[in-house]
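K.L.:
Any chance you could fold what I've pasted below:
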Amino acid sequence: MVAVNEVIKTRKLTMLETAFGEDVMHYLMDEKTVEVMVNPDGRLHYERIGEGKVATDIYLPAEQTENIVKLVASFKNGVANEQNPEVAAELSFDGARFQGWLPPVVEQACFSIRRRAIAIFTLAQYVEQGALTQAQCDLLSKAVHDRKNIIIVGGTGSGKTTFANALLDVLAGSDDRILVIEDLPELQVRVDDLVTMTTTTYVSMRDLVKGSLRMRPDRIIIGEVRDGSALDLLKAWNTGHPGGVCTIHANSVESVPYRLEDLIQEAVVTVPRSLILQSVDLIVFISRDRAGKRTISDIVELVGYENERYILEVC
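P.N.:
I've put the predicted structure just below:
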């Protein structure tokens, strides 16, 4: 049975490679590639480490792009059509994350593939590349060891997940029991006592955060908070499970507490500001310039609330 499964897996991988074609596979197999994107007009874009985002002169036929989206869906036992135009899945290529769309949501089929990092980019390497100062590195390393709760914030493609992996690398060899909860597996933690959980169509992030509390975690790590699970996460961090890390989309460190309020209101009407103040220790903002260079531009501590404003102190 194992041999049969391996044969089936190999055939599926070959079919995907054929469907993607040489142009897409060329970038997808490049270890420095961060993301491969094909827009509705068929044009292929990519982003590589050190290069930023590049628009190529390659255009994929609409039929090929549509076939790719439908094929990925079928390999995940799903169906992509006009009634089900979205396909989100993990590919066999180093755990790459696939997000595809079909008409009528878009004019023509399109997709984006985010490659999972093969090697963990450490805090020391951020310092070497000038994205992080040594003082910031020491501060964050100590915060992880001291079980501070850290929120990493930035825009799309700013490198939040990559930086989260760098923070989690500080825990390498730890005896802590760590639970990692994500929509798609991207975070990497080098500890022996590790449980990784991913959401499904039927199991939400909030379900997993609630359930994780019954699995005796020492630390709870969230890939990205984007809904009412923010409330459950903050409760968990504040009731015996400190030392967590999560990422969140926001435009600045100042906007993070208010973003948390918005997410919490998806679960309850009244926002427990005291819970936010008690649960969040550090907020780290990562930015990316046009050339693709990432920089840790702000590290602040959430210290209070006064005159209807959260008070942040620069670290």
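K.L.:
mind showing which ranges of the stretch 51-200 of the chain have poor pLDDT?
P.N.:
The stretch 51-200 of the chain contains residues with pLDDT under 70 at 93-94, 117-119.
K.L.:
elements contacting the longest helix along the chain?
P.N.:
Using DSSP state H to assign secondary structure, the helix with the most residues in the chain is helix 2-28. On a contact count with 3 or more C-beta pairs under 8 Å, 6 or more residues apart in numbering; DSSP states H and E, helix 2-28 meets strand 33-38, strand 43-48, helix 62-75. Quick note: C-beta positions are derived from backbone N, CA and C, even for glycine.
K.L.:
partners of the second one, with directions?
P.N.:
In the sheet containing strand 43-48, its partner strands are strand 33-38 (antiparallel), strand 52-59 (antiparallel), by DSSP bridges.
K.L.:
Take those and write them to JSON lines, including mean neighbour count and distance to Val106.
P.N.:
Shown next, in JSON lines, are these (neighbours: other C-beta atoms under 10 Å; distance: least, C-beta to C-beta, whole Å):
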{"stretch": "strand 33-38", "mean neighbour count": "22", "distance to Val106": "11"}
{"stretch": "strand 52-59", "mean neighbour count": "13", "distance to Val106": "16"}
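K.L.:
Tell me which of those sits nearest to Lys70.
P.N.:
strand 33-38 (14.2 Å; C-beta to C-beta).
K.L.:
what pairs with Tyr310 across the strands?
P.N.:
Under the criterion used (DSSP bridges), Tyr310 bridges to Tyr305.
K.L.:
how about the residue lying closest to Asp281 once chain neighbours are set aside, secondary structure?
P.N.:
Among residues not flanking Asp281 along the chain, Lys148 sits closest, at 4.0 Å (C-beta to C-beta, 6 or more residues apart in numbering). Following DSSP: H, G, I helix; E, B strand; the rest coil, we place Lys148 in the coil state.
K.L.:
What ranges does the stretch 51-200 of the chain have for its helices?
P.N.:
62-75, 123-128, 134-145, 160-168 (DSSP state H, counting those that start in this stretch).
K.L.:
What I need now is the ones you listed written out in TSV, including mean neighbour count for each item.
P.N.:
TSV is the format used below for these (neighbours: other C-beta atoms under 10 Å):
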stretch	mean neighbour count
helix 62-75	19
helix 123-128	17
helix 134-145	16
helix 160-168	22
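K.L.:
can you redo these as TSV with distance to Asp193?
P.N.:
TSV is the format used below for those (distance: least, C-beta to C-beta, whole Å):
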stretch	distance to Asp193
helix 62-75	32
helix 123-128	22
helix 134-145	17
helix 160-168	14
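K.L.:
And those: which comes nearest Trp237?
P.N.:
helix 134-145 (13.6 Å).
K.L.:
So what touches that closest one?
P.N.:
The contact list for helix 134-145, computed with C-beta atoms under 8 Å, 6 or more residues apart in numbering, reads 123-124, 126-127, 132, 150, 167, 170-171, 243, 245, 281-282, 284, 296, 299, 315.
K.L.:
Mind checking which of these are buried?
P.N.:
With burial judged by 16 or more other C-beta atoms under 10 Å, the buried subset of those is 123, 126-127, 132, 150, 167, 170-171, 243, 245, 281-282, 284, 296, 299.
K.L.:
which of those lies closest to Leu71?
P.N.:
Val245 (34.9 Å).
K.L.:
Leu275 falls within a helix, correct?
P.N.:
Yes - counting by three-state DSSP, Leu275 falls inside a helix.
K.L.:
That one: neighbour count?
P.N.:
Counted with other C-beta atoms under 10 Å, residues neighbouring Leu275 total 18.
K.L.:
do the one 10 residues further on as well
P.N.:
Residue crowding around Phe285 was assessed by other C-beta under 10 Å; the count is 24.
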